[in-house]
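A.B. asks: Sequence first, then the predicted structure:
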Amino acid sequence: MKMSMIKDLSNLQRKVETYHEILNNTIAYRNVWKDELKAEIMLNLTELAEKAGLNGTVEEREELVNLGGVIFSLGAEKSGMSHEVAENIQRDMIKQNGSLIYQQLFNGKIMVLINYPFIENYGQQSQPKPVGIYRPEELKKPFLVRHMEAFVQEMINWEDYDDDDNGGAKAQQSIGFHANFDTPPS
């Protein structure tokens, strides 16, 4: 019985060591984000967009300590559609053009997401598409290039929406007469 208790204790000790290692990693990841990674991501996204000819802006978000973010946004514009609010008065519907987000998680790792375009008052906004969760040392420039490529591909898919997709991500978007005018399906 004493032998199994020693074995059980050694398993517990290994788990406690792993736990402390993970807690230390969180502190280290947060420091890397604050001291260098956030600025590197911003610089690299700006450079990639410029070289590729993609108009967008890079913003830092730091409303919450240790939950910061970097957002590459394609901005907002008039959608080309409008809503009649009174006779001879039209209100333009605004289109958010999508964004690529690097969001620091509670444990210091970085989650990458793609936000789809959205036209106000037209259907339901799609949930962001998760790209992955990375330790800071994994987010090198080749990853950022792949993330930007995936982002642009998702923007192409959204802008070129039709029924040729046979399901996929586009089928999850609520676009169509019934979704947009709150008419109950027939």
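C.D. replies: Structure's in. What do you need? Numbers count the residues shown, from 1 in each chain.
A.B. asks: hey, which helix or strand in the chain has the poorest pLDDT?
C.D. replies: Within the chain, no helix or strand scores below helix 177-180, which has a mean of 44 by mean pLDDT, DSSP states H and E.
A.B. asks: State the three-state secondary structure for Ile27.
C.D. replies: State at Ile27, reduced to three classes by DSSP: H, G, I helix; E, B strand; the rest coil: helix.
A.B. asks: Now do the same contact list for the residue nearest to the spatial centre of the chain.
C.D. replies: For the chain, Leu113 is the residue whose C-alpha lies nearest the centre (C-alpha atoms, centre = their mean; 1.9 Å). Taking C-beta atoms under 8 Å, 6 or more residues apart in numbering, we find Leu113 in contact with 100-101, 103, 128-131. Bear in mind the C-beta positions are built from the backbone N, C-alpha and C, glycine included.
A.B. asks: quick one: which of those has the most company?
C.D. replies: Leu100 (26 neighbours; other C-beta atoms under 10 Å).
A.B. asks: check which helix or strand covers that one.
C.D. replies: If you go by DSSP states H and E, Leu100 is part of strand 99-104.
A.B. asks: Pull up the pairing partners for that strand, direction included.
C.D. replies: strand 69-73 (antiparallel), strand 110-115 (antiparallel) (DSSP bridges).
A.B. asks: Redo these as TSV? Include distance to Asn24.
C.D. replies: Output for the strands paired with strand 99-104, formatted as TSV (distance: least, C-beta to C-beta, whole Å):
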stretch	distance to Asn24
strand 69-73	23
strand 110-115	18
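A.B. asks: the strands in this structure, which residues?
C.D. replies: For the chain, the strands defined by DSSP state E occupy 57-61, 69-73, 76-86, 89-96, 99-104, 110-115, 118-119, 129-134.
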